[in-house]
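> Build me a model:
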Amino acid sequence: MQLPAQAPASFCERLAPKLNMKQAGSKPARATEWRVNTMGLGSHLFGGSSMVSFMVRPSGEQTQAAYDKATKACSQSPKGILCRIEGPAELTVQTKGGEAKGDAAAGESAEVELRKAAILCRDL
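Numbering: from 1, shown residues only. Got it, this is the predicted structure:
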């Protein structure tokens, strides 16, 4: 007897446990969103700061076009920083809690956003 094949985890599903992200719900018209607040309770009560950085690198074939695309993946938005990941690529997220890496396979795409003190991830 064979078990039914599970769908492979999406980019955000693979990245979420590395950043302690929680699923924020899913509406039929929108993609599932994952989120984590980078400021702990102590920071909210007693003050503090948050540090987050994003780095996108190509994975697979290392061409100048792939590096150019990775360099332009993240940009400032009115709400914070928005990174559009298109595989094959590797995203590294650095926070006060450590470093998390996520690999996007060829044909996979996602948005990772820093909005105020929250990191959000949506598969496209």
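> Quick one: the helices in this structure, in order.
Using DSSP state H, the helices of the chain run over 11-19, 41-46, 64-71.
> list the contacts for the spatially closest residue to Asn37 that is not a sequence neighbour?
Among residues not flanking Asn37 along the chain, Ala118 sits closest, at 5.1 Å (Cβ to Cβ, 6 or more residues apart in numbering). Heads up, the C-betas are built off the backbone N, CA and C, glycines and all. Residues counted as contacts of Ala118 (Cβ atoms under 8 Å, 6 or more residues apart in numbering) are 35-38.
> do the same with Lys22
16, 34-36.
> For those, pick the one with the most neighbours.
Neighbour counts for the contacts of Lys22 (other Cβ atoms under 10 Å) peak at Trp34, which has 24 neighbours.
> any idea how far Asp68 is from that residue?
28 Å (Cβ to Cβ, to the nearest Å).
> Okay, strands next: where are they in the chain?
22-23, 33-37, 52-58, 74-77, 80-86, 89-95, 98-104, 109-115, 118-123 (DSSP state E).
> Using TSV, lay out the ones you listed together with mean pLDDT.
Shown next, in TSV, are the strands of the chain (pLDDT from 0 to 100):
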stretch	mean pLDDT
strand 22-23	90
strand 33-37	91
strand 52-58	93
strand 74-77	91
strand 80-86	94
strand 89-95	94
strand 98-104	93
strand 109-115	94
strand 118-123	94
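> Give me whichever of the ones you listed is most buried.
Among the strands of the chain, strand 118-123 has the highest mean neighbour count (mean count of other Cβ atoms under 10 Å), at a mean of 21.
> With adjacent residues omitted, what lies nearest to Glu108?
Gly87 (4.1 Å).
> Next, find the distance separating the most centrally placed residue in the chain from Ala89.
What sits nearest the mean C-alpha location of the chain, by Cα atoms, centre = their mean, is Val112, with 3.9 Å. For Val112, the distance to Ala89 equals 11 Å [Cβ to Cβ].
> Pull up the overlap in contacts between those two.
Common neighbours of Val112 and Ala89 (Cβ under 8 Å, 6+ apart) do not exist.
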